[in-house]
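Chemist: Mind folding the following:
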Amino acid sequence: MVIRAGRGDFVQSREELAVAAAPFTGMKPSTFIKRKPYTAPGFPAPISSDGARVLLWDREQTAAYYAGTPVPQLPAVDDGQDLLDRSEAAAVLKVAVSSWDAYKSHPRIRPHLVKVKGVDHCPRRVVEAYRTARDTGPGHTGSTGRPTGSGDMVPRDEIPARVGALLDIDPAVTSKTVMGELGLSFAAATRALSRLRGARIADLITTEPTLEPAAAALRLGYPKVTHRAATAYAVTELRARAARPYVQEVADALAAEGLAVRQDVDVVHVADDVVAAAVVLAADAPVPALVWDERWGWRTAANRRHPIGRETGAPPVGDGIRYLSPDAEVPAQDLITSVYDGRRGSRHPL
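Modeler: Sure thing, here's the model as predicted:
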């Protein structure tokens, strides 16, 4: 499903659904979220895509369900003003979901992104226009000449999308070709290719869990000389994806307690083989943010804008930083207690 044109005001998050359902279910919002009655047969399906980290519903549909009246049908015809989440946008472009995370930084897309309940969405017309430009413009195999801006250094936030487009055309594209097409240094071109190939290897393994990284790289058509760097990135990316549901669950619990706004949390690579994530807390929370790092567990952060901070290889220390637990998965309620109790934790990893 998608957020159909003109229905943005009817979008309902899981927390909002829990509050609205309370008079009918008798459940506290936290109990509702834990028991997941929205998975019962006949309950209106989410309008978020399958597998979305943040579930969304249409408020008119859920209200009708609890009122015992017929659940209205949503428009079935695609519209240019439909709002697509990352999975839906990737499907329109016929690329992996991780590739969309790179494409969305492109200047044709980035200004049009809108957040709905903390989740990035893009109008269908924008995604389709980008697809048309990508498939018919310079750089496509059916065209001649070099891409617009050839020979110029590409802005950093555009590199993944531009390199990804070349990788879509030719899985065996070389760093030398990327350098010539986009004006990147050898290091930048090689790094971008390794990361994008690694992300796509991870995509394939996600759908086929028994597949080995090297076998996935071969199936995707990547030259053997690129396998070592790409598969190493893929292994780290798979750990990030495995950790994401837990970190998102903590973020949801913090939001339910009023300690944070609803947010879609990303687990990011902070070094070649390390992943971490940040949950930004509300302005009136006792600390600005919480950071999960697979090396040191959970800690508080003193900076709301850049909570993870610059990677140095050493555990961050200083005012406002408390290490709360070294465990990979700490119950959300324990973290909430630690946020309020400044005596908990240590200035250094436990």
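Chemist: Tell me where the model's unsure across the stretch 51-200 of the chain.
Modeler: Counting by pLDDT under 70, the stretch 51-200 of the chain shows low-confidence ranges at 136-153.
Chemist: show me where it has helices.
Modeler: With helices called from DSSP state H, counting those that start in this stretch, the stretch 51-200 of the chain shows them at 59-67, 86-93, 97-103, 124-136, 159-169, 175-182, 186-207.
Chemist: Show residues contacting the last one.
Modeler: Meaning helix 186-207. 96-99, 102, 159-160, 163-164, 167, 173, 175-176, 178-179, 182, 184, 211, 213, 216-217, 219-220, 222, 226, 229-234, 236-238, 241 (Cβ atoms under 8 Å, 6 or more residues apart in numbering). Using the backbone N, CA and C atoms, a C-beta is placed for each residue, glycine as well.
Chemist: what separates the closest residue to Arg53 other than its chain neighbours from Ala89, distance-wise?
Modeler: Once its chain neighbours are removed from consideration, Arg53 has its nearest residue in Gln248; the separation is 5.2 Å (Cβ to Cβ, 6 or more residues apart in numbering). When distances are taken as Cβ to Cβ, to the nearest Å, Gln248 and Ala89 turn out to be 20 Å apart.
Chemist: Who has more neighbours out of these two?
Modeler: Set side by side, Gln248 and Ala89 show unequal neighbour counts under other Cβ atoms under 10 Å, the larger going to Ala89 at 30 against 19.
Chemist: measure that one to Ala96 for me?
Modeler: According to Cβ to Cβ, Ala89 stands 11 Å off from Ala96.
Chemist: Then Ala289?
Modeler: For Ala289, the distance to Ala96 (Cβ to Cβ) stands at 29 Å.
Chemist: Quick check: mean pLDDT of the helix or strand hosting Ala251?
Modeler: Element membership for Ala251 (DSSP states H and E) is helix 227-256. This predicted structure assigns helix 227-256 an average pLDDT of 93.
Chemist: Please renumber the chain so that the first residue is 379 from this point on.
Modeler: With 379 as the first residue, the last one maps to helix 605-634.
Chemist: Please point out which parts of that helix sit buried.
Modeler: 605, 607-609, 611-612, 614-619, 621-622, 624-634 (16 or more other Cβ atoms under 10 Å).
Chemist: swap in stretch 400-415?
Modeler: Of the residues in stretch 400-415, those scored as buried under the neighbour-count criterion (16+ other Cβ under 10 Å) are Pro407, Phe410, Ile411.
Chemist: end to end, how far does it reach?
Modeler: Using Cα to Cα, to the nearest Å, the gap from the first to the last residue of stretch 400-415 comes to 11 Å.
Chemist: Pull the distance from that stretch to the chain's centre.
Modeler: Averaging C-alpha positions (Cα atoms, centre = their mean, to the nearest Å) puts stretch 400-415 27 Å from its chain's average.
Chemist: So which residues make contact with that stretch?
Modeler: Arg392, Glu393, Leu395, Ala396, Val397, Ala399, Phe421, Tyr444, Asp630, Ala631, Ala634.
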